[in-house]
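[1] For reference, the sequence and a predicted model appear below.
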Amino acid sequence: MDARKGNIYEILNGNKQFLIPVYQRYYSWDIEQCTRLWNDIVEMQKKGKVGHFVGSIVNIAEQAMPTGVQKYMIIDGQQRMTTLSLLLLALRDYAIKNPDDTTINARRIDNMLLKNEYESGDERYKLLLTETDRDILMRLVEEKPIPDDARSRLLDNYKFFAGKIADKELQPAEVYESIGKLQIVNITLDRSVDDAQAIFESLNSTGKELSESDLIRNYVLMGLEPTEQTYVYEHLWRPMELLFVYETQDSVMDRFFRDYLTMKITRIPKQDRVYEEFKLYHLNCEFGTIRELCQDLLTYAKYYTDMVFKRSSNPSLKSLYEDINDLRMEVSYPFLLKVHNDYVEGIISEDDLKLIIRLCISYVFRRSICDIPTNSLNKTFATLRNEIRPDDYVNSIKAFFVMRDDYKEFPNDDKFTAAFVSRDIYNMRSRNFILSHLENYGNKAPVIIENYTIEHIMPQNSSLSQEWQQMLGANWREVQKNYLHTIGNLTLTAYNSEMSDHPFMVKMDMEGGFKESALRLNAYVVKLTEWNEQRIKERASLLADKAKRIWAYPDMTAVELAPYQTVEKPAERYSLATYDTNVFTKTLFEVLDRRIQNLSPDVKREFKKLYVAYKLDTNFVDIVFQKQRLRISVNMKFSEVIDPNGICRDITDLGRWGNGDVELYMEHTSDVDQIMEIVEQSYRIQADE
């Protein structure tokens, strides 16, 4: 490694060329960063400062021909180097347009800092960018016309600097002088000696400048020989990137890599550890080469982006992808990646693929209607692939869902119906999704729900008219309160404002009223002359029957289910009486137990043989009774716990009842606040996951 302090003039001067590798992201600085650089230049000049440090440029020196251009592959610093080149271009062009101002030498900038004067072809340029950025910069250097439809931050930033120079806040010569005062550390690596990837990571260790997918791309491509690097990028990596919509590329690609890893290792990487987990996976994966790994990534990225961006030439699959997005079922992606690949490899049929997707949709939807907490769904889908039996693929998935009677349950028809008819549907995020499916189920000419608004048949106005009060009966207030936002009272109309709070028969007979409606949602309503509690319940029951068919429960015969049923010995039941307690320890327990259970309704308490466990998906804290105190095991790594009061003990690798590496004691009821500070940390880790 050769690290030298210098400036951009020293770095660019000579027969040199700096190349941006194919795997680097596009030029991304915007006006904000350019403004900051310009302000630094102005301040430095006006205050007479002798220098200002602007960062480093890290490059790898490539093998040079004896009489050729010395080339450097930039692995960090392309943004500042490109921006300084744009500023030099703006200065050169000012000098060309203002020949009377002899303080700026345009030819000097052109031939020493922008071009290699005596070279031709690509080697003519000091800086060679990637893909579309390359052509724009070449045109600027050569003073060639820019296409009218060209859009690039290069152009925006060049125009910004040109405008600043024209304004003459500083004289052009002062700008040129100040650029020379900008201090840069130029680090040149030797490919045979220095670990470029390790250096790159240390320069980007904060994770703020680069996304997880940026880091992964550099890790995958940086270590390849130039020929293989170009092949993998052009044939595998770039085609994968193009699958993602540009505006959201980084965020969606980050999610893809996390879900891809979850699918592969059946464990969910932490959000900010995806890059580290990917490196571990690469070291232990089934692929012998980077090319094979990237081919696999491209394959799964196609499945992933089809789901995320609702792409399919198959109308029924496209509709299912739309449902997945409407329900925000991102948690299901790791499992559905596996299922899509098994379909492509011929392990399951297209009908099986659709059936499994519909099962997942029904599972998520029914749970939301039944108001079952969603915090376990990500782990359910992360590990669901482990339940698949290749010789009985679909039934093994159905059986998993049918046999859940815990927090992972798939609500059966009775539970679903009871919740569906009584749930406040109007204030659910998925209300349009629900009404659209109820309307369009089995309809060959689907209605576009966006053309309609939601209508409360019984009005929302708390001061109902006399006609409505008489129709609803003496307990009209209670009827309105209980049924207003439920499915039985909701429909669609294009005449919401006209219907307003009018009486039922006015809504029925008016122009555009229920009688003129062709919507299936109104098929029951148009037959009536009254609207009251009984009619709302009857209609809700009819719609619930349809909902059970749309979001169906897994259909399995006893014979199909039998292989998945195991006869288990009755679990031995434990209670507080199981433990050796006294009045004092019982009091301690009651105080702490109440606080832990108050963390969330999702917290489950289980009496085990040797301790009391509290869990969301798994134990986050356990309590063991001792003679005059409680021993508390917190399920965290000791290195991760924040313990301002010094009450925790490291029990890593020590034998203890309970889970985790953190131990503390409760000896008095006044200890509870400090203890809960520690317990809540473990709870939040599970809740966030």
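    Structure received.
[2] Please make it C-alpha for all contacts and neighbour counts, starting now.
    Fine.
[3] Could you measure from residue 217 over to residue 469?
    Distance, residue 217 to residue 469, using C-alpha to C-alpha, to the nearest Å: 66 Å.
[4] right, and residue 157 touches residue 28 too?
    No. In this structure, residue 157 is not within contact of residue 28 by C-alpha atoms under 8 Å, at 10.4 Å.
[5] Which one of these two is surrounded by more residues?
    Neighbour count, other C-alpha atoms under 10 Å: between residue 157 and residue 28, residue 157 has more, with 22 against 12.
[6] Can you tell me the element residue 572 falls in?
    Counting by DSSP states H and E, no helix or strand carries residue 572.
[7] Okay, and residue 586 sits in which element?
    Assigned by DSSP H and E, residue 586 falls in helix 583-597.
[8] Quick check: which ranges of the protein have low pLDDT?
    1-3, 23, 25, 63-67, 132, 190-209, 246-249, 567-571, 655-656, 689 (pLDDT under 70).
[9] how much space between the residue located most distally from the centre of it and residue 94?
    Centroid-distance maximum for the chain: residue 100 at 56.2 Å, with C-alpha atoms, centre = their mean. Distance from residue 100 to residue 94, counting by C-alpha to C-alpha: 11 Å.
[10] still on that earlier bit, tell me which strands the helix or strand just after the helix holding residue 586 pairs with, and in which orientation.
    Later in the chain than helix 583-597, the nearest helix or strand by DSSP H and E is strand 604-607. Applying DSSP bridges, strand 604-607 is found paired with strand 612-615 (antiparallel).
[11] May I have the strand it pairs with exported as CSV, CA atoms only?
    The C-alpha trace of strand 612-615 is given here as CSV (Å, rounded to 0.1, in the frame of the first residue of the first chain):
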residue,chain,number,x,y,z
VAL,A,612,-41.3,-20.0,34.9
ALA,A,613,-40.8,-19.0,31.2
TYR,A,614,-42.0,-15.9,29.4
LYS,A,615,-42.0,-15.9,25.6
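[12] heads up, I number from 26, so please use that
    Sure thing, new numbering starts at 26, so read that last one as strand 637-640.
[13] Neighbours of residue 392, how many?
    Around residue 392 there are 22 residues (other C-alpha under 10 Å).
[14] again with residue 558
    Count around residue 558 with other C-alpha under 10 Å applied: 20.
[15] For it, which residues are in contact?
    497, 504, 508 (C-alpha atoms under 8 Å, 6 or more residues apart in numbering).
[16] From residue 488, how far out is it?
    Look at residue 558 and residue 488: by C-alpha to C-alpha, they are 18 Å apart.
[17] same thing with residue 252?
    From residue 252 over to residue 488 (counting by C-alpha to C-alpha), the distance is 77 Å.
[18] more crowded one of the two?
    The neighbour count for residue 252 versus residue 488, taken as other C-alpha under 10 Å, is higher for residue 488 (11 against 8).
[19] do you know how far that one is from residue 173?
    Taking C-alpha to C-alpha, one finds residue 488 at 61 Å from residue 173.
[20] Check residue 62 too.
    Distance, residue 62 to residue 173, by C-alpha to C-alpha: 28 Å.
[21] Of these two, which one has the most company?
    residue 62 (17 against 6).
[22] hang on, that one is in a helix, isn't it?
    Yes. Per DSSP: H, G, I helix; E, B strand; the rest coil, residue 62 lies within a helix segment.
[23] need the contact list for it.
    Taking C-alpha under 8 Å, 6+ apart as the test, residue 62 contacts no residue whatsoever.
[24] returning to what we had before: buried only: go through the contacts of residue 558 for me.
    Taking 16 or more other C-alpha atoms under 10 Å as the criterion, what is buried in the contacts of residue 558 is 497, 504, 508.
[25] Spatially, which residue comes closest to residue 299, not counting chain neighbours?
    residue 283 (5.9 Å; C-alpha to C-alpha, 6 or more residues apart in numbering).
[26] Locate the one you found within the secondary structure: which element?
    Secondary structure (DSSP H and E) places residue 283 in helix 274-290.
[27] Show me where the stretch 526-675 of the chain has its helices.
    Ranges of helices within the stretch 526-675 of the chain are 529-534, 558-575, 583-586, 608-622, based on DSSP state H, counting those that start in this stretch.
[28] Out of the ones you listed, which is closest to residue 289?
    helix 583-586 (27.8 Å; C-alpha to C-alpha).
[29] That closest one packs against which elements?
    The contact analysis (3 or more C-alpha pairs under 8 Å, 6 or more residues apart in numbering; DSSP states H and E) places helix 583-586 against helix 418-427.
[30] buried set for whichever helix or strand comes after the helix it packs on?
    Counting by DSSP H and E, the next helix or strand C-terminal to helix 418-427 is helix 438-447. Across helix 438-447, burial judged by 16+ other C-alpha under 10 Å covers 438, 441-442, 444-447.
[31] by how many degrees do helix 438-447 and helix 558-575 diverge?
    Orientation check (axes from the mean of the first three to the mean of the last three C-alpha atoms, to 10 degrees): helix 438-447 against helix 558-575 gives 130 degrees.
[32] Now do the contacts for the closest residue to residue 579 other than its chain neighbours.
    Spatial nearest neighbour of residue 579, excluding adjacent residues (C-alpha to C-alpha, 6+ apart): residue 423 at 5.7 Å. For residue 423, the contact set (C-alpha under 8 Å, 6+ apart) comprises 384, 579-581.
[33] so how far is the one helix or strand residue 463 maps to from its chain's centroid?
    Of the helices and strands defined by DSSP H and E, residue 463 is found in helix 456-465. Chain-centre distance of helix 456-465: 26 Å, with C-alpha atoms, centre = their mean, to the nearest Å.
[34] Other residues contacting the helix or strand that comes right after that helix?
    Per DSSP H and E, the first helix or strand lying C-terminal to helix 456-465 is strand 478-481. Among residues not part of strand 478-481, those counted as contacts by C-alpha under 8 Å, 6+ apart are 509-510, 514-521.
[35] With distance to residue 397 and secondary structure as extra columns, can I get these in JSON lines?
    Shown next, in JSON lines, are the contacts of strand 478-481 (distance: C-alpha to C-alpha, whole Å; DSSP: H, G, I helix; E, B strand; the rest coil):
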{"residue": "509", "distance to residue 397": "23", "secondary structure": "coil"}
{"residue": "510", "distance to residue 397": "20", "secondary structure": "coil"}
{"residue": "514", "distance to residue 397": "24", "secondary structure": "helix"}
{"residue": "515", "distance to residue 397": "23", "secondary structure": "strand"}
{"residue": "516", "distance to residue 397": "26", "secondary structure": "strand"}
{"residue": "517", "distance to residue 397": "28", "secondary structure": "strand"}
{"residue": "518", "distance to residue 397": "31", "secondary structure": "strand"}
{"residue": "519", "distance to residue 397": "34", "secondary structure": "coil"}
{"residue": "520", "distance to residue 397": "35", "secondary structure": "coil"}
{"residue": "521", "distance to residue 397": "33", "secondary structure": "helix"}
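[36] Most neighbours out of these, which is it?
    Neighbour-wise, the contacts of strand 478-481 (other C-alpha under 10 Å) top out at residue 514, 26 neighbours.
[37] Wait, that one touches residue 508, no?
    Yes. Counting by C-alpha under 8 Å, residue 508 is a contact partner of residue 514 at 6.7 Å.
[38] Please identify every residue contacting each of those two.
    In contact with both residue 514 and residue 508: residue 561, using C-alpha under 8 Å, 6+ apart.
[39] ok so, going back, so can I have JSON lines of the contacts of strand 478-481 showing distance to residue 405?
    JSON lines is the format used below for those (distance: C-alpha to C-alpha, whole Å):
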{"residue": "509", "distance to residue 405": "35"}
{"residue": "510", "distance to residue 405": "31"}
{"residue": "514", "distance to residue 405": "35"}
{"residue": "515", "distance to residue 405": "33"}
{"residue": "516", "distance to residue 405": "34"}
{"residue": "517", "distance to residue 405": "35"}
{"residue": "518", "distance to residue 405": "39"}
{"residue": "519", "distance to residue 405": "41"}
{"residue": "520", "distance to residue 405": "44"}
{"residue": "521", "distance to residue 405": "42"}
